[in-house]
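*Asks:* Return atomic coordinates for the entry below.
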Amino acid sequence: MNLERAVVLSSEEAYQGTRLIWFSAPAVGRVAQSGQFLMIRCGEGWDPLLPRPMSFHRFRQADGERQFAILFDLRGRGTDWLWRRQPGDLVNLFGPLGRGYAVKRQSQNLLLVAGGIGVAALVALADEDIADGRAVTLLQGAKTVGKLFPSASLSAEVEVVSATEDGSAGHRGLVTELLPQYLPWADQVFACGPNAMYEAMAAIMREQGSRKSVQVLLEEHMACGMGVCYCCGVFTRRGVKLVCKDGPRFELREVF
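*Replies:* Residues are numbered from 1 along each chain as shown. Presented below is the predicted three-dimensional model:
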């Protein structure tokens, strides 16, 4: 874990109400993995007091370093401050934190399931596994077409299947309704989204009698990100675990 004053390299609205910021923080970017997260101080003073957890969204090699990006929605004072950062601004952050995704060596067909802004944590995984020669299908769900991650921003080799609750693009309904169709093809499943999505996925896995590995990233309120404050405890089949330290990656069947 590294405490850094990261430099904002670029900041732009990626799609409706969602911001993409690229950072330079060599000590953090050099060792971060997809599925891990970082804590970002969203202010110059003590208000807001607590840092905000953000997933690593993407990585790139540029100017002799491994740079990283975050993708986030505008939700409150903290994200409003972060939204207004400009290239050259400094942002205090620390990471990488937690356990990221773990792809088995023998897995060749990877199914990614994203609910809303949960797509932020899955894009780096898609980038890495396409580069490694694996087949990747992304199922993404949102309320409406304007909140879908642009498929043009992904490698052309990623199969993208969308669902919108209002039917404005792709399947009309929830992204989990697409899971039964693609589950038999997948060697492993990786997901990021709200708990309601995970509960629906767990029900589908039970209905199909599937024991396939489904790795999910949990999101809980947290103050420290390092296992000190115990704000992010969750009940699992192995007792209470901390999302920041024992996760955020868990096997679906351990929690739901």
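*Asks:* Following the chain past the host helix or strand of residue 189, name the next helix or strand.
*Replies:* Following DSSP states H and E, one finds residue 189 within strand 188-192. Once the chain leaves strand 188-192, the next helix or strand it forms, by DSSP H and E, is helix 195-208.
*Asks:* Buried residues in stretch 215-226, which are they?
*Replies:* 215, 216, 217, 218, 219, 222, 223, 224, 225 (16 or more other Cβ atoms under 10 Å). Placement of C-beta: from N, CA and C, glycine included.
*Asks:* For residue 179, give me its contacts.
*Replies:* 113, 139, 201, 204 (Cβ atoms under 8 Å, 6 or more residues apart in numbering).
*Asks:* JSON lines for those residues, including pLDDT?
*Replies:* Converted to JSON lines, these look like this (pLDDT from 0 to 100):
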{"residue": "113", "pLDDT": "98"}
{"residue": "139", "pLDDT": "98"}
{"residue": "201", "pLDDT": "97"}
{"residue": "204", "pLDDT": "96"}
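*Asks:* Nearest to residue 175 among these?
*Replies:* residue 139 (5.3 Å; Cβ to Cβ).
*Asks:* and of the buried residues of stretch 215-226, the nearest to residue 192?
*Replies:* Taking these together and measuring to residue 192 by Cβ to Cβ, the closest member is residue 217, at 4.5 Å.
*Asks:* Could you verify my assumption that the closest one touches residue 251?
*Replies:* No: using Cβ atoms under 8 Å, residue 217 makes no contact with residue 251, being 11.6 Å away.
*Asks:* Can you give the strand pairings for the strand holding residue 189, parallel or anti for each?
*Replies:* When pairing is defined by DSSP bridges, strand 188-192 lines up against strand 109-115 (parallel), strand 214-217 (parallel).
*Asks:* buried stuff in that strand?
*Replies:* 188, 189, 190, 191, 192.
*Asks:* Name the nearest of the residues you listed relative to residue 155.
*Replies:* Nearest member of the buried residues of strand 188-192 to residue 155, counting by Cβ to Cβ, is residue 190, at 16.1 Å.
*Asks:* what's the neighbour count on residue 184?
*Replies:* 11 (other Cβ atoms under 10 Å).
*Asks:* how near is it to residue 5?
*Replies:* Per Cβ to Cβ, to the nearest Å, residue 184 is found 48 Å from residue 5.
*Asks:* Helix, strand, or coil at residue 95?
*Replies:* Classification of residue 95 by DSSP: H, G, I helix; E, B strand; the rest coil places it in strand.
*Asks:* is it true that it touches residue 31?
*Replies:* No: counting by Cβ under 8 Å, residue 95 stays clear of residue 31, with 9.2 Å between them.
*Asks:* Looking at those two, which is more packed in?
*Replies:* Using other Cβ under 10 Å as the criterion, residue 95 and residue 31 rank with residue 95 on top: 26 against 13.
*Asks:* Apart from its neighbours in sequence, what residue is nearest residue 63?
*Replies:* residue 24 (7.7 Å; Cβ to Cβ, 6 or more residues apart in numbering).
*Asks:* tell me which residues in stretch 237-249 are buried?
*Replies:* For stretch 237-249, by 16+ other Cβ under 10 Å, it's 241, 242, 243, 244, 245, 246, 247, 248, 249.
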